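1. Okay, here's the prediction I keep looking at, along with the sequence it came from:
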Amino acid sequence: MMGSSAHAIILAGGRGTRFWPRSRLRTPKQLLNIVGDANMFVQTAARLLPVFPWPRLWTVTNAEQAGAIRKLPPRLHAAHILAEPVGRNTAAAIALAAFHLVREDHKALMAVLPADHFIRDARRYRTIVRAALQVAARGPNLVVLGIPPTRPETGYGYIERSDSVAPAFMPASPPVFRVNRFTEKPDLATAQQFLSSGNHYWNAGMFFWRAATYLAYLRRYLPATHAALARVAETIGTRRYASALARAYPKLENISVDYAILERATREPGGVNVFVLPADIGWSDIGSWAAVYDLSASAPGANVSRAPLCAIDATGNYVWSAKKLVALLGVHDLVVVETPDALLICPRSRAQDVSRIVKSLEQQKRRGLL
């Protein structure tokens, strides 16, 4: 059913400010070996190649990172590395890719996937990706993957599914449910209710649909963005493309695909074409140094280090240093990250706040450290 029409769009435009001082404008989180030896982008592409052959891998990134991505294996086709002049969130990034795809194939299917997530069970992940593409190919459907929650997380969006498997896809493995609603970053009490309900999932930002389906929804909900990018699309493959994109892109609405498309689609009376596939795949968005520790620690209280380490009466610490021996004495639950020009030390419990350091450096105009 999918044939040669399924394409993977890897979103790789984020800065990863919570991973400062390793993550910088030109070498953000997705271009670092945060977990494992290969960088996150290469790991993502490697997971996808059994489903999407090399000619059908694309990425949307930014001008600062495009050069580095061109050098990475599997060395994507140059025309498949789409560089945004400025960041305008996921609704615009996905639309840019969709316009490129429909120019090649009006029936093209899109799998939209983050470049910087960790997935432990890659084989099951690919099985679910194939199933999601099959659902997307069956009509004007919007399909998302839902991660079964393991804690009352307030920093993620949630997907509420219907109680029964969608009849159109029975029998199906994995099961396919209609989506009732999306909820962004609930308070703790609501997150606890979602966790105990059994019918809520974390929204991991993995989406599947036909490119033409997405553009139809975009025309409906963000008509100005659709019109502006449609004009840019007329210049694809010409010398005018770069300048047309540079003029249009900064004026686009800065909004996520969740708010712009998915939430609006589920609120409409006819919003019956939004589906979720549960995906128990060992997923993590690796959102901070603390999350890296959680993935890497061999046991509670173990120290995790990518550097030579001498630890005395020290537990629960995460350490990264390129060359230096790091000695810890009587300290617990710290993050220590050393680069040639900066040193980060903070409690693991404050790792989510590292982005505040980046904001402070921006205000101080310390661009050399960004």
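-> Received, thanks.

2. The closest residue in space to residue 117 that isn't next to it in sequence: neighbour count?
-> Excluding the flanking residues, the one nearest residue 117 by CB to CB, 6 or more residues apart in numbering is residue 285, at 5.3 Å. All C-beta atoms are positioned from the backbone trio N, CA, C, and that covers glycine. By other CB atoms under 10 Å, the residues close to residue 285 number 16.

3. what about the residue lying closest to residue 221 once chain neighbours are set aside, is that helix, strand or coil?
-> Leaving aside its chain neighbours, residue 221 sits nearest to residue 264 (5.2 Å; criterion: CB to CB, 6+ apart). When states are read from DSSP: H, G, I helix; E, B strand; the rest coil, the local structure at residue 264 comes out as helix.

4. any idea of the pLDDT on residue 264?
-> pLDDT for residue 264: 94.

5. who are the neighbours in contact with residue 135?
-> Contact partners of residue 135, counting by CB atoms under 8 Å, 6 or more residues apart in numbering, are 141, 143, 169, 176, 208, 275, 277.

6. Closest one to residue 111 out of those residues, please.
-> residue 208 (5.3 Å; CB to CB).

7. Which other helices and strands does the helix or strand in which that closest one is found contact?
-> Counting by DSSP states H and E, the element that carries residue 208 is strand 200-210. Packing partners of strand 200-210 (3 or more CB pairs under 8 Å, 6 or more residues apart in numbering; DSSP states H and E): strand 109-114, helix 122-137, strand 142-147, strand 157-165.

8. The first one pairs with which strands, and in what direction?
-> Yep, that's strand 109-114 we're talking about. strand 6-11 (parallel), strand 200-210 (antiparallel) (DSSP bridges).

9. now for those strands, which one comes closest to residue 244?
-> strand 6-11 (20.6 Å).

10. Toward the C-terminus, what is the element adjacent to the closest one?
-> Counting by DSSP H and E, what follows strand 6-11 is helix 40-48.

11. List the buried residues in that following helix.
-> 40, 41, 42, 43, 44, 45, 47, 48 (16 or more other CB atoms under 10 Å).

12. Contact partners for the fourth one?
-> Residue 43 is in contact with 36, 118, counting by CB under 8 Å, 6+ apart.

13. where does it land on pLDDT?
-> 96.

14. Start at 39, not 1
-> Right, with 39 as the first residue, what we last looked at is residue 81.

15. The closest residue to residue 46 other than its chain neighbours in helix, strand or coil?
-> Nearest-residue entry for residue 46: residue 90, 4.2 Å, with adjacent residues in sequence omitted and distances by CB to CB, 6+ apart. Secondary structure state of residue 90, per three-state DSSP, is coil.

16. For burial, what's the neighbour tally of residue 90?
-> Neighbours of residue 90 (other CB under 10 Å): 23.

17. I figured it hits residue 45, correct?
-> Yes - if you go by CB atoms under 8 Å, residue 90 and residue 45 touch, sitting 6.6 Å apart.

18. what is in contact with those two at once?
-> Common neighbours of residue 90 and residue 45 (CB under 8 Å, 6+ apart) are residue 149.
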